[in-house]
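Visitor: just need the structure, nothing else, for what follows:
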Amino acid sequence: MGDAAHQPPQTDLLLGMYPGRLDDRGRLKLPANFLQYFAALGETRLFVTSLDRRIARLYTIPAWKETEKWLVSFREDTEAAGNIAFNAADLGAVAEIDSQGRILFSTDLRRTLEIENQPVRLWPNGNKIEVLSDKLYQERKGGASVDAGKDLKKLEQAGMPR
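Guide: From the prediction side, this is the model:
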């Protein structure tokens, strides 16, 4: 998605999906391997936001700047890009990873996503980490399970490595 200087290090630290929980103050304790990952990047500040008002996203500042630049330059549907940029700005805030490995979600973000003092799932996905509410995680899990065998067969036939 752009300049290699802003790409995360090639590492297996962030494979899989991880359980988490926002505490009563809106802080998320990051798993140890996430802290190692951000330390390897030299990043202690994250942009915490939502683009769709359903899923929170954690970006390093350089990754967010790259996404923001892309949104500004997207000409195919400037209204859609503007709406997404608005959502990001409206719900987003820079959060510093504290000495205990926690990041703070803004009050507006956690209330909008209904994740206050709730369990969440962290899913590293591209240049961001998605944070799904338990309700959304269960919906996605159910939907992904329905035709998993059929879906897998289709993708393997299309050339997915086995």
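
Visitor: any idea where the strands of this structure begin and end?
Guide: In the chain, the segments counted as strands under DSSP state E are 18-21, 27-29, 45-50, 56-60, 93-96, 102-104, 119-125, 128-133.

Visitor: ranking those by burial, who's on top?
Guide: Using mean count of other Cβ atoms under 10 Å, the stretch among the strands of the chain with the greatest mean number of neighbours is strand 56-60 (a mean of 24). Yep, even glycine has a C-beta here, placed from its N, CA and C like the rest.

Visitor: quick one, helices of the chain?
Guide: Counting by DSSP state H, the chain has helices at residues 32-41, 61-73, 78-91, 107-112, 134-146, 148-157.

Visitor: now the last one: average pLDDT?
Guide: Model confidence over helix 148-157 averages 92 on the pLDDT scale.

Visitor: how about residues contacting that helix?
Guide: Contacts of helix 148-157 with the rest of the structure, by Cβ atoms under 8 Å, 6 or more residues apart in numbering, involve Arg162.

Visitor: hey, C-alpha coordinates of that helix in CSV?
Guide: Only the C-alpha atoms of helix 148-157 are listed here, as CSV (Å, rounded to 0.1, in the frame of the first residue of the first chain):
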residue,chain,number,x,y,z
ALA,A,148,-16.5,-23.2,5.3
GLY,A,149,-15.9,-26.5,3.5
LYS,A,150,-17.5,-25.3,0.3
ASP,A,151,-15.6,-22.0,0.6
LEU,A,152,-12.3,-23.7,1.2
LYS,A,153,-12.8,-26.1,-1.8
LYS,A,154,-13.6,-23.1,-4.0
LEU,A,155,-10.4,-21.2,-2.9
GLU,A,156,-8.2,-24.2,-3.3
GLN,A,157,-9.5,-24.8,-6.8
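
Visitor: no more questions from me, cheers.
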